[in-house]
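>>> what shape does this take:
(one chain, ligands or ions: 1)
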Amino acid sequence: MTMPLMHPKRKNPVLRTRQLNLPPGARGRVALGLTAAAAEGRFELQVCEACGALQYPPREACHRCLSPHLKWRAQSGEGALLATTTLHHSNDLFFRERLPWRLGLVHLDAGPTVMVHLHGEVAEVDQAIVRVTVGARLDRAGQAVLIGFPFRGSAHMADDRMLREMTSDPKFRKVLVTDGKTEVGQAIVRALVKAGADVVWVGHAEPWKKFGDGLADIAALPQVTLVPLDLTNGRAVTELAGEIGGKVDIVINNAEVHRSFGIGARRGTDAARAEMDINYFGLLRLAQEFGPALKGRSADGDAGATAWVNLLSIYALSNFPSHGTFSASKAAAHSLAQCLRAEMRPAGIRDINLFPGPIDDEWNQHTPPPKLTAQALAAAIVNALRDGVEDVYPGDVAQEWLERWRDNPKVLERELAAGG
Ligand SMILES: [Zn+2]
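Modelled structure (predicted):
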């Protein structure tokens, strides 16, 4: 059984914040295939197209027939534990600070034997066969590692000490949600509170206006504090970062402007400019002010700074002409988010990008169903934090578009030009 995580003690401000050490992060190009799958929450191994042999560790040519045609395929990860060991000493600084650390050797039902980090609920090998499920997760350095999970976990499974080092569970963490005025923002706040977040700061751009019902409801939650935040106003972002930047553990940037226009349907650039100002420059302003503060605190105890979440759009991958300028602003934000991810990774902060299809809101009134509900989107964010993934495509529409985009981006462009 995993002991439920206790609320972290108040920090002694006199003590120095623990500095970050990352686990070893160098990987070859082939091994990055494991990381690419783990970043989307899958455990994949290479399968030889010529003879069908499963490969581990990742390699350039088949270990059985030397064919170079190896394809990454999802694995169930089920297997039997062969042996376990507990490290009490390590020369690696990351592991030295986190000892003791359990490792195991698992014989996968699919064939290979793999080394895994062991979840605390996995029993020691005795007379009985211990079944485990192996999954791939990203570690603090952002690289895939394999983890042995118990076949049936307890309710507090996510509180495992080793697992919290890999993931960004919102439990006991302090979160900033940049826009609380939309239904999506309010659903995110509710989901975070339910997931055990300690404090949720909720931005609202026009504090002088009367609250709508939804905002008043979440403002009444004891964990929630409303803060004035207008992402178009650089000075306001700087001021808020000065106030709470040193305490925020997770930033969720859900603020967006969405107008459903292409190029020909409207004269002038006002609407496109407003989209850019929030969707792209807003992210830039936020990242410049809150990024440095987060980076300094990623090793700060059990609930240190851990993740940055961006609400992008599946339209960021390929322009959807009836939402043309919005698509362009999200494509710009996607590119910037990749830069943010690269800058945050060495500091142990995970950048999570969400690419939803059409959301069930006022700007998608003309879009036929299925549309993603605010609650489903909020659940996807909490799950992404708990599983420590990097890229999420929530909902059937996003999944389908992603598949078509991967299959052939040019064909998708033509299909979207014809209306979807
Ligand atoms: Zn082969």
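>>> where do the helices sit along the stretch 201-350 of the chain?
With DSSP state H, counting those that start in this stretch as the criterion, the stretch 201-350 of the chain has helices at 213-219, 234-244, 270-279, 281-295, 324-344.
>>> the ion: which of those is closest?
Nearest to the ion, of all the helices of the stretch 201-350 of the chain, is helix 324-344, at 34.7 Å by Cβ to the ion. (Glycine included, C-beta is placed from N, CA and C.)
>>> list of residues touching the closest one?
257-263, 271-272, 275-276, 279-280, 283-284, 287, 291, 294-295, 308, 310, 312-313, 315-320, 350-351, 353, 363, 390 (Cβ atoms under 8 Å, 6 or more residues apart in numbering).
>>> pLDDT (mean, whole number) over the following helix or strand past it?
The first helix or strand that comes after helix 324-344 along the chain, using DSSP states H and E, is strand 350-354. If you average the pLDDT over strand 350-354, you get 97.
>>> strand 350-354: how far from the chain's middle?
4 Å (Cα atoms, centre = their mean, to the nearest Å).
>>> tell me what it is packed against?
strand 307-311, helix 324-344, helix 374-387, strand 391-392 (3 or more Cβ pairs under 8 Å, 6 or more residues apart in numbering; DSSP states H and E).
>>> residues contacting T182?
By Cβ under 8 Å, 6+ apart, T182 lies in contact with 254, 361, 374.
>>> setting aside sequence neighbours, what's the nearest residue to the residue positioned nearest the centre of the chain?
In the chain, the centroid-proximal residue (Cα atoms, centre = their mean) is I352; its distance is 3.3 Å. Leaving out its chain neighbours, the residue that sits closest to I352 by Cβ to Cβ, 6 or more residues apart in numbering is V309, at 4.6 Å.
>>> okay, now that neighbour: neighbour count?
24 (other Cβ atoms under 10 Å).
>>> dig out what it forms beta bridges with.
Applying DSSP bridges to V309 gives these bridge partners: I252, I352.
>>> show me what contacts it?
By Cβ under 8 Å, 6+ apart, the contact set of V309 is 250-254, 351-354, 381, 384-385.
>>> out of those, which are buried?
Neighbour-count burial (16 or more other Cβ atoms under 10 Å) applied to the contacts of V309 gives 250-254, 351-354, 381, 384-385.
>>> now V175: which helix or strand?
Assigned by DSSP H and E, V175 falls in strand 174-177.
>>> which residues sit against the helix or strand following that strand?
On the C-terminal side of strand 174-177, the nearest following helix or strand under DSSP H and E is helix 183-194. Here helix 183-194 makes contact (Cβ under 8 Å, 6+ apart) with 170, 175, 177-180, 200, 202, 214-215, 217-218, 221, 223-224, 252, 254-255, 311, 359, 361, 373-375, 377-379, 381-382.
>>> tell me the mean pLDDT for helix 183-194?
For helix 183-194, the mean pLDDT works out to 96.
>>> chain center to that helix: distance?
On Cα atoms, centre = their mean, the centre of helix 183-194 falls 16 Å from the chain's centre.
>>> can you give me the buried ones in it?
Buried, per 16+ other Cβ under 10 Å, within helix 183-194: 183-193.
>>> okay, the strand ranked longest in the chain in CSV with CA atoms only?
What stands out as the longest strand in the chain, according to DSSP state E, is strand 78-87. Output in CSV follows, covering the C-alpha atoms of strand 78-87 (Å, rounded to 0.1, in the frame of the first residue of the first chain):
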residue,chain,number,x,y,z
GLU,A,78,2.2,-7.1,-19.0
GLY,A,79,4.8,-9.4,-17.6
ALA,A,80,6.3,-11.2,-14.7
LEU,A,81,8.8,-9.8,-12.2
LEU,A,82,12.0,-11.8,-12.2
ALA,A,83,14.1,-9.9,-9.6
THR,A,84,14.2,-6.7,-7.6
THR,A,85,17.0,-4.7,-6.0
THR,A,86,17.1,-1.6,-3.8
LEU,A,87,19.8,1.0,-4.3
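>>> buried stuff in it?
Residues of strand 78-87 classed as buried by neighbour count (16+ other Cβ under 10 Å): 79, 81, 84.
>>> fine by me, we can end here.
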